[in-house]
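1. model the structure of this input:
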Amino acid sequence: MLISPRSPRVGAARRLGRRNFRGKERLFLAEGPQAVREAAAHRGPDGAAGLVELFVTPDAADRYADIVGESRDAGARVHLAGDDVIADISTTVTPQGLVGVCRFLDTPFEEILAARPRLVAVLAHVRDPGNAGTVLRCADAAGADAVVLTDASVDLYNPKAVRASVGSLFHLPVAVGVTVERAVGGLREAGVRVLAADGAGADDLDDELDKGTMGTPTAWVFGNEAWGLPEETRALADAVVRVPIHGRAESLNLATAAAVCLYASARAQRAAGGCRSVTDGQ
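-> Have a look, this model is predicted:
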């Protein structure tokens, strides 16, 4: 039977679109087949599935029967829902027919440090949820070990951030609410070199690669979309690095710059002896 739009379950899911309710219940919404599939597959430290509940239209249940089956196997409550219910819960203009209710996933910062990470993305003062989710996706693709969102950054579980991560939120540890000072200090104590990404940085990314310094454990600190990193945050880093602009573009947006920096580190860490300039020895 289709769940009623007046059901308390529908009302509880709808309220998760608001940050205060997410924090109180430690639950958030994940929309679309990719996010729901990843939530059903995710297991927390206690073995519990990431997905708690699934609302799905009859059409979507037919189209994504495998995801519905995986959700049931994970122990999630599955509700058939009309388009009106999905539209009521969803935060998108064109819902895809599946909305999952998921458990919070954030990892204590101390656990990330204890794992001795080699590549970390730190989001300091990042306010746009779409950018935060996209950087998280880039970090996942580059093989990063963790992401840290400082206390001045956007809510990790904002629906737009969750959508922009395209399921990567369920793939790697993410710490939230850490001060910039604690993030940088803790990572440095763990043997991680901290680089601040800034368009006005004194050091050039190409030069860093040529010098062979990028193969060590590294954390990249990315700043606000509009004004970058404040001076006090740049001062905490071991180096302030700019992505070189070889053409006429004024700058790179946050997510693009993050992808370039993270992949540069990933390549250097995977190369024997680190990256070296092709002109070395000539």
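2. so where is this protein shaky, pLDDT-wise?
-> In the predicted model, the chain carries pLDDT under 70 at residues 272-282.
3. where do the strands of it begin and end?
-> Applying DSSP state E to the chain gives strands spanning 27-31, 51-56, 77-80, 98-103, 119-123, 146-150, 174-178, 193-197, 203-204, 218-222, 239-242.
4. got these as JSON lines, with mean neighbour count and distance to Arg248 columns?
-> Backbone N, C-alpha and C define where each C-beta goes, glycine included. Shown next, in JSON lines, are those (neighbours: other Cβ atoms under 10 Å; distance: least, Cβ to Cβ, whole Å):
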{"stretch": "strand 27-31", "mean neighbour count": "24", "distance to Arg248": "38"}
{"stretch": "strand 51-56", "mean neighbour count": "25", "distance to Arg248": "47"}
{"stretch": "strand 77-80", "mean neighbour count": "16", "distance to Arg248": "53"}
{"stretch": "strand 98-103", "mean neighbour count": "26", "distance to Arg248": "43"}
{"stretch": "strand 119-123", "mean neighbour count": "27", "distance to Arg248": "28"}
{"stretch": "strand 146-150", "mean neighbour count": "25", "distance to Arg248": "32"}
{"stretch": "strand 174-178", "mean neighbour count": "21", "distance to Arg248": "36"}
{"stretch": "strand 193-197", "mean neighbour count": "23", "distance to Arg248": "21"}
{"stretch": "strand 203-204", "mean neighbour count": "15", "distance to Arg248": "18"}
{"stretch": "strand 218-222", "mean neighbour count": "28", "distance to Arg248": "24"}
{"stretch": "strand 239-242", "mean neighbour count": "20", "distance to Arg248": "16"}
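5. I'd like those written out as CSV, with distance to Ala264 added.
-> Rendered in CSV, the data for these read as follows (distance: least, Cβ to Cβ, whole Å):
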stretch, distance to Ala264
strand 27-31, 31
strand 51-56, 35
strand 77-80, 43
strand 98-103, 32
strand 119-123, 11
strand 146-150, 17
strand 174-178, 22
strand 193-197, 10
strand 203-204, 11
strand 218-222, 9
strand 239-242, 9
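6. which one of those lies closest to Ala164?
-> Checking these against Ala164 by Cβ to Cβ gives strand 27-31 as the closest, at 11.5 Å.
7. the spatially closest residue to Leu119 that is not a sequence neighbour: how many residues sit nearby?
-> Excluding its sequence neighbours, the residue lying closest to Leu119 (Cβ to Cβ, 6 or more residues apart in numbering) is Ala144, at 4.5 Å. By the measure other Cβ atoms under 10 Å, the count of residues near Ala144 is 26.
8. touching, Ala144 and Leu262? I think so.
-> Yes - if you go by Cβ atoms under 8 Å, Ala144 and Leu262 touch, sitting 6.2 Å apart.
9. what is in contact with those two at once?
-> Common contacts of Ala144 and Leu262 (Cβ atoms under 8 Å, 6 or more residues apart in numbering): 119, 121.
10. what about the longest helix in this structure?
-> In the chain, assigned by DSSP state H, the helix with the most residues is helix 254-270.
11. pull that one out as PDB, backbone CA atoms only.
-> Output of helix 254-270 as PDB, limited to C-alpha atoms (Å, rounded to 0.1, in the frame of the first residue of the first chain):
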ATOM      1  CA  LEU A 254      37.100  25.700  -5.800                       C
ATOM      2  CA  ALA A 255      36.200  22.200  -6.900                       C
ATOM      3  CA  THR A 256      38.400  22.400 -10.000                       C
ATOM      4  CA  ALA A 257      41.400  23.600  -8.100                       C
ATOM      5  CA  ALA A 258      40.800  20.900  -5.400                       C
ATOM      6  CA  ALA A 259      40.700  18.200  -8.100                       C
ATOM      7  CA  VAL A 260      44.000  19.500  -9.600                       C
ATOM      8  CA  CYS A 261      45.800  19.600  -6.200                       C
ATOM      9  CA  LEU A 262      44.500  16.300  -5.000                       C
ATOM     10  CA  TYR A 263      45.400  14.500  -8.200                       C
ATOM     11  CA  ALA A 264      48.800  16.000  -8.200                       C
ATOM     12  CA  SER A 265      49.400  14.600  -4.700                       C
ATOM     13  CA  ALA A 266      47.900  11.200  -5.600                       C
ATOM     14  CA  ARG A 267      50.200  10.900  -8.700                       C
ATOM     15  CA  ALA A 268      53.300  11.900  -6.700                       C
ATOM     16  CA  GLN A 269      52.500   9.500  -3.900                       C
ATOM     17  CA  ARG A 270      52.000   6.600  -6.300                       C
END
